[in-house]
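>>> predicted model and sequence below, questions to follow.
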Amino acid sequence: MNRIPSLTAAAVLLALALPFAAGAQEQTAKKKLYCWNEGGRKVCGDALPATAVDSARTEISSRSGLPVGQVGRALTPEERIAADQAARAARSAAMAEEAKKRRDHAMAESYSTEEELRNSFQERIILLDETVKASRLGIEGRRQTLLSLLRKAGEAELGNKPVDKSLADNIRHQHDELLRQQDLLKQQLVERSLADEDLATALLRYQSMRKRPGQG
């Protein structure tokens, strides 16, 4: 009669103890050991001191004794700045590559033949040629005006007369404008040369995208 309650009590105690035992085993399995360098020597422990929080370290399972992770040291402010710059550069490069893919796709969809693509670029090239031509004519006209004003100033000086202030101001203005137009022409010539390069690059991309699978 008394054995039944005793067995029942033992079963109850065992049932209550099992979750605690399982929890303890789980905590043991999750517990880690840490190894780091301190003063030129390797130090290991089950907790990181404040002085080692920013140090590189290896995390080891206390159950298996095998490494389970590697944590690098904390970056210096300069290294963080460099890492941020590298990350931004990588994002920018990825965005540029994605934009290029979209442009290539749009180009392939917009032009059904190479001739259409050439004609589209040719319109831009013709416009650039006309712009360069107009700039050269403007520069030549500005140069002739400046020479005329300089002759007037020279004649005044040869006649022992003072150069009129309005004439001197006009000479400076014409000279500044001539320099500005010459700089503008240089930029236009660069754009004109790039237009040919852009056309060649676009044709290569177009031919590559239009090439059928299996063709060499």
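Now that the structure is in, tell me what you want to look at.

>>> which SSE is the nearest residue to Gly45 once chain neighbours are set aside in?
Using Cβ to Cβ, 6 or more residues apart in numbering and skipping the chain neighbours, the partner closest in space to Gly45 is Tyr34 (6.0 Å). C-betas here are computed from N, CA, C, even on glycine. Using DSSP states H and E, Tyr34 sits within strand 32-38.

>>> next: Ser208.
Assigned by DSSP H and E, Ser208 falls within helix 165-210.

>>> check the offset of that helix from the chain's centre.
Distance of helix 165-210 from the chain centroid (Cα atoms, centre = their mean, to the nearest Å) equals 27 Å.

>>> same check on stretch 198-215?
Averaged C-alpha coordinates place stretch 198-215 at 26 Å from its chain's average position (Cα atoms, centre = their mean).

>>> now do the buried residues in that stretch.
Buried residues in stretch 198-215, counted by 16 or more other Cβ atoms under 10 Å: Leu199, Ala202, Arg205, Tyr206.

>>> from those residues, which is closest to Glu114?
Lowest distance from Glu114 to these (Cβ to Cβ) belongs to Tyr206, with 6.5 Å.

>>> returning to what we had before: can you tell me what sits against the strand holding Tyr34?
Residues from elsewhere that reach strand 32-38 (Cβ atoms under 8 Å, 6 or more residues apart in numbering): 42-48, 51-52, 55-62, 68-69.

>>> right, and the helix or strand after it?
Criterion used, DSSP H and E; the element after strand 32-38 is strand 41-45.

>>> what does that next one contact?
Residues outside strand 41-45 that contact it (Cβ under 8 Å, 6+ apart): Leu33, Tyr34, Cys35, Trp36, Asn37, Ala52, Ile60.
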